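1. okay, predicted coordinates and the sequence, questions at the end:
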Amino acid sequence: MAVSKAKLQQLLQSDQDLSHMSLATRIVVGRLRIEVQNSPRALGAKTDELYAFAAENEYAASELTTI
Amino acid sequence: MKNELLTVEEASARIERGDVITVAGDEAILAKLPKGNWVGGTSVYFVTEEGGAVVRDKVFCTTFEDVSDVSVRTVPTSDLVTISDGYKPNGFTIILIPAFSDAHTKFAVEGQTYAGVFGQPLVGWISGVHLEELGTAKPKVFDGKTGEALEDGAAVMHVSVPAGNKIGVDIVNIFSQGHDKKTTFTFDSDGFSAKTATVNGEVVSLANYLTDNEIDTRLPLIANYGGALINVSVQAIDLENDEVSFYAPVMTGVEYQLAAPLDSYPDAFAERLGGGGASQYSCNCILNYLYGELEGQSTGKFTGPVTFGEIAYILLNQTLVKLQVQPA
């Protein structure tokens, strides 16, 4: 997959607007961001979860490579 | 995709010839439909091309054309977690759930964590009843394959379309955050009700806060999920029991803001919906219908059932959900 875990980690710690992405990707990233905000120690696990989401869904991988 | 208000005879003829349909209507009419490739839910409120209306003698049908494969099934509440097991390649899934059921609560709280749920568009709605029949009639959904009416669980239709077709799902939320950007609400537990909230860092009685500050509870609380604005609508303030109930669950740790007020509901819809909708599947919220006084008012080309909750992967409130299938 073209997007790196480091990039995804940055995405989860940012408030970058994702309006151009699919509804599914916005919801997933939005939820994971909230979980990281509430529990910063979960950042690694949540990054892994986002990576897995992108690996399982071609559309998400394609969108997340644009970040 | 075709959206039509049909008589029971017309809808029955479509089902008997094998059409793939979602149906919304009064329970008495849904119960008369023959078995086939359809799922249905109770609703008597609709947005038609002429405007919002209560219709009891017809059903609102969305017919999916050019379908490669379809399966209709009942998913018990305990099995909702496996919803994506039925996903078909290059497809989408329609899910209908009765209001006030265990499935409604379970899907609302847990749905977004189900494995594979985001693997393809998942759209649908929460069935309801006429508001004058709340407490006497029960919302139901119908599994068209068996003809069975359900008061709990979900009626689900998995649809596959030819490769190359583009399937898109999105939401239209006419509200925006920002009634007072400095005022934020967070909650310490997930649920359809809350006694307290943390407002700007201070734990308060939510019922008292909303009452004392004369908050217009027709305006939803809004969370921002990466640019997707997700509403939670207030159902009731119970000062006696010091509790506020909602039409969708508030979630722990999520920061909500009150929506900015609207000058005009119909104008807001017209502005946000644009000219599309004629060949899209859509549903709109009963609260938009009521608060927006949409009866008799047109909201453009988007037509469909008015519902007790909308589903676009997750449970939504005061939102229009739309699904589009574009041929290759």
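-> Arrived safely, thanks for sending.
2. with just CA atoms, put the host helix or strand of B:Val306 into CSV.
-> For B:Val306, the host element (DSSP states H and E) is strand B:304-307. What follows is strand B:304-307 as a C-alpha-only set of coordinates in CSV (Å, rounded to 0.1, in the frame of the first residue of the first chain):
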residue,chain,number,x,y,z
GLY,B,304,-38.5,9.1,-0.6
PRO,B,305,-39.7,8.0,2.9
VAL,B,306,-39.5,10.2,5.9
THR,B,307,-37.9,8.2,8.6
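3. what is the mean pLDDT for that strand?
-> For strand B:304-307, mean pLDDT is 95.
4. ok, now stretch B:139-153?
-> Mean predicted lDDT for stretch B:139-153 stands at 98.
5. ok, and what's touching it?
-> With contact meaning C-beta atoms under 8 Å, 6 or more residues apart in numbering or on different chains, stretch B:139-153 is reached by B:15, B:21, B:23, B:27, B:30-31, B:33-42, B:72-77, B:96-103, B:126-129, B:138, B:154-155, B:157, B:308. C-betas here are computed from N, CA, C, even on glycine.
6. taking these one by one, which sit in strands?
-> B:21, B:23, B:38-42, B:72-75, B:96-98, B:126-127, B:154-155, B:157 (DSSP state E).
7. distance of the residue lying closest to B:Thr48 once chain neighbours are set aside from B:Pro261?
-> Using C-beta to C-beta, 6 or more residues apart in numbering or on different chains and skipping the chain neighbours, the partner closest in space to B:Thr48 is B:Thr303 (5.5 Å). Counting by C-beta to C-beta, to the nearest Å, the separation of B:Thr303 from B:Pro261 is 27 Å.
8. and the two? Which one has more around it.
-> For B:Thr303 versus B:Pro261, the count of surrounding residues by other C-beta atoms under 10 Å in any protein chain shown is larger for B:Thr303: 25 against 11.
9. is it true that that one touches B:Phe46?
-> Yes: when contacts are counted by C-beta atoms under 8 Å, B:Thr303 is listed as touching B:Phe46 (7.3 Å).
10. mind listing the shared neighbours of the two?
-> Listed as contacting both B:Thr303 and B:Phe46 by C-beta under 8 Å, 6+ apart are B:Phe60.
11. which bits of the stretch 201-328 of chain B sit near chain A?
-> B:223-228, B:230, B:251-255, B:312-314 (C-beta under 8 Å from any C-beta of the partner chain).
12. now which of the residues you listed would you call buried?
-> Listed as buried from these are B:223-228, B:230, B:251, B:254-255, B:312-314; burial here means 16 or more other C-beta atoms under 10 Å in any protein chain shown.
13. want to throw the residues you listed into TSV with pLDDT?
-> Formatted as TSV, these follow (pLDDT from 0 to 100):
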residue	pLDDT
B:Ala223	94
B:Asn224	91
B:Tyr225	89
B:Gly226	85
B:Gly227	85
B:Ala228	90
B:Ile230	94
B:Met251	92
B:Val254	92
B:Glu255	92
B:Ala312	97
B:Tyr313	97
B:Ile314	96
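14. before we move on, back to that, relative to B:Ile83, which of the residues of the stretch 201-328 of chain B next to chain A is nearest.
-> Set against B:Ile83, the nearest of these by C-beta to C-beta is B:Tyr313 (10.5 Å).
15. which residue packs closest to the closest one, ignoring adjacent ones?
-> B:Leu122 (5.2 Å).
16. got the contact list for the one you found?
-> Going by C-beta under 8 Å, 6+ apart, B:Leu122 touches B:83, B:92-93, B:95, B:169, B:311-313.
17. in strands, which of these appear?
-> Among these, the members falling in strands (DSSP E) are B:92-93, B:95, B:169, B:311-312.
18. ok, back up a step: quick one: which of the residues of the stretch 201-328 of chain B next to chain A is nearest to B:Glu65?
-> B:Ala312 (21.7 Å).
19. how about that closest one, what does it touch?
-> Taking C-beta under 8 Å, 6+ apart as the criterion, B:Ala312 is in contact with A:23, B:121-123, B:169-171, B:319, B:321.
20. partner residues bridging it?
-> Here B:Ala312 shows beta-bridge partners B:Val123, B:Ile314, assigned using DSSP bridges.
21. now, of the contacts of stretch B:139-153, which are buried?
-> Buried among these by 16+ other C-beta under 10 Å: B:15, B:21, B:23, B:27, B:30, B:33, B:36-42, B:72, B:74-75, B:77, B:96-103, B:126-129, B:138, B:154-155, B:157, B:308.
22. around chain B, which positions in chain A sit nearby?
-> A:16-19, A:21-31, A:33-35, A:37-38, A:53, A:56-57, A:60.
23. repeat that with 10 Å
-> Proximity of chain A to chain B (C-beta under 10 Å from any C-beta of the partner chain) is limited to residues A:11, A:14-35, A:37-39, A:49, A:53, A:56-57, A:59-60.
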